[in-house]
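> Mind folding the following:
(4 chains)
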Number of protein chains: 2
Amino acid sequence: MLDDLDKSILSHLQKDSKITIKELSVHLSLSGTAIYERIRKMERKGIIESYSVRINKNLVDLGFVVFCQIKLQEHKHEYLVKFEREVIKFSEVLECYNVSGDYDYLLKITVKDMNGYHQFLNDKLTYLDHIGSAHSTFIINEVKNTHAIEFR
Amino acid sequence: MLDDLDKSILSHLQKDSKITIKELSVHLSLSGTAIYERIRKMERKGIIESYSVRINKNLVDLGFVVFCQIKLQEHKHEYLVKFEREVIKFSEVLECYNVSGDYDYLLKITVKDMNGYHQFLNDKLTYLDHIGSAHSTFIINEVKNTHAIEFR
DNA sequence: ATTGAAAATCATCAGTA
DNA sequence: TACTGATGATTTTCAAT
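Residues are numbered from 1 along each chain as shown, chains lettered A, B, ... in the order given. Purely as a prediction, here's the structure:
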């Protein structure tokens, strides 16, 4: 489905989407139009979902990241739906997954600091209905964090 | 540090970094140059880390996401360093955090399917030295996954 | 910090092999 | 699928405030 040229284009775009078609065409020894058409095709197919900027969380006071595991009191469909509908509204919650194992949900939360997390728990999360238990895992250090997919 | 205009620019850029300065200047009632300079400043300060594309993992056969918690046998500095140096090399590992709690590390791993994960464990992870135990949490459903920071 | 306009660069589209 | 050449749009720079 994707040949090596497509993969190479995607790798470059993931690293820096502001790279010009001209630069790509030099690197990959292909005409600008050919590169352009390949990108358009991947956009149309939905392989390229969006163009975005990455922001340094620390510099905007959101450098404290916590993974929070949550178990609901009961697994009634209605409770699950309601929990999901509410939790995605919290701006602190960047990711929320329905997971296997002891807990039902895994949340990735960004706040300013421990105090900000405390406030999030007290003012927001604990107000949700049907929460059984919550367990927080704090990030001490970020060893690796890439959004770029490597093709293999 | 960031005023409301900066935050608004960042919000737009996170949603779609291909938005033109002209469009931004219409939305925010500011001249093109003013927008341009504000963006440049945020780039220089490192607030805008990079421009990138988001790729649909499912469409490139990497839709199976697993969180894997890892405990080392011993907490010798040398072991930690070696583990980190090796684990970041695996293309399947998108994120690796040093965390609080029962486990030492939390890894976010993307593979094609369960079989791909099995192979990753057998061919790669279990070959690393000093691993005490590993616990996998499988993602059943993605309720929310945004890379965009909301300013508040 | 902002403006408006000029200059340089780029994305995009026909036409064609 | 890919290429060349044309054009309209966009980014970037600059003088002035």
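> buried set for stretch A:47-61?
Judged by neighbour count using 16 or more other C-beta atoms under 10 Å in any protein chain shown, the buried positions of stretch A:47-61 are A:47-48, A:50-57, A:59-60. (C-beta placed from N, C-alpha, C; glycine too.)
> pull the CA atoms of that stretch into PDB?
Below are the C-alpha coordinates for stretch A:47-61, written out as PDB (Å, rounded to 0.1, in the frame of the first residue of the first chain):
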ATOM      1  CA  ILE A  47      -3.200   8.200   6.200                       C
ATOM      2  CA  ILE A  48      -2.100  11.800   6.900                       C
ATOM      3  CA  GLU A  49      -4.800  12.800   9.400                       C
ATOM      4  CA  SER A  50      -3.800  16.300  10.100                       C
ATOM      5  CA  TYR A  51      -1.000  18.900  10.200                       C
ATOM      6  CA  SER A  52      -0.200  20.200  13.600                       C
ATOM      7  CA  VAL A  53       2.300  21.900  15.900                       C
ATOM      8  CA  ARG A  54       3.900  20.300  18.900                       C
ATOM      9  CA  ILE A  55       4.000  22.500  22.000                       C
ATOM     10  CA  ASN A  56       6.500  22.300  24.800                       C
ATOM     11  CA  LYS A  57       4.300  21.500  27.800                       C
ATOM     12  CA  ASN A  58       6.900  22.700  30.300                       C
ATOM     13  CA  LEU A  59       6.900  26.100  28.800                       C
ATOM     14  CA  VAL A  60       3.200  26.600  29.100                       C
ATOM     15  CA  ASP A  61       3.000  25.300  32.700                       C
END
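> Is there any residue in that stretch that contacts DNA strand D?
No - judged by C-beta under 7 Å from any atom of the strand, stretch A:47-61 stays clear of DNA strand D, getting no closer than 11.0 Å.
> What are the contacting residues of that stretch?
A:2, A:10, A:13, A:17, A:39, A:42, A:63, A:65, A:110, A:112, A:147, B:2, B:10, B:13-18, B:45-56, B:59-60, B:147-149, B:151 (C-beta atoms under 8 Å, 6 or more residues apart in numbering or on different chains).
> Which members of the buried residues of stretch A:47-61 occur in helices, if any?
Applying DSSP state H to the buried residues of stretch A:47-61, no entry is found in helices.
> of these, closest to DNA strand D?
Comparing those against DNA strand D with C-beta to the nearest atom of the strand places A:Tyr51 closest, at 11.0 Å.
> A:Tyr36 belongs to a strand?
No - using DSSP: H, G, I helix; E, B strand; the rest coil, the secondary structure at A:Tyr36 is helix, not a strand.
> A:Tyr117: what's it in contact with?
By C-beta under 8 Å, 6+ apart, the contact list for A:Tyr117 reads A:64, A:66, A:109, A:111, A:136.
> actually A:Cys68, not the one I wrote
Neighbours of A:Cys68 in contact, by C-beta under 8 Å, 6+ apart: A:106-107, A:109, A:125, A:134-137.
> Just say helix, strand or coil for it.
Per three-state DSSP, A:Cys68 ends up strand.
> bridging residues for it?
A:Leu107, A:Ser136 (DSSP bridges).
> what does the one 4 residues further on give?
When bridges are taken as DSSP bridges, the partners of A:Leu72 come out as A:Ile131.
> pLDDT value on it, please?
A:Leu72 carries a pLDDT value of 96.
> Now for it, how many residues are close by?
By other C-beta atoms under 10 Å in any protein chain shown, the residues close to A:Leu72 number 19.
> That one against A:Asp104, yeah?
Yes - using C-beta atoms under 8 Å, A:Leu72 is in contact with A:Asp104, at 5.3 Å.
> how close does the residue nearest to A:Leu24 when sequence neighbours are not counted get to A:Val81?
In space, and not counting its chain neighbours, A:Leu24 is closest to A:Ile35: 4.9 Å by C-beta to C-beta, 6 or more residues apart in numbering or on different chains. Counting by C-beta to C-beta, to the nearest Å, the separation of A:Ile35 from A:Val81 is 44 Å.
> That concludes my questions; thank you for your assistance.
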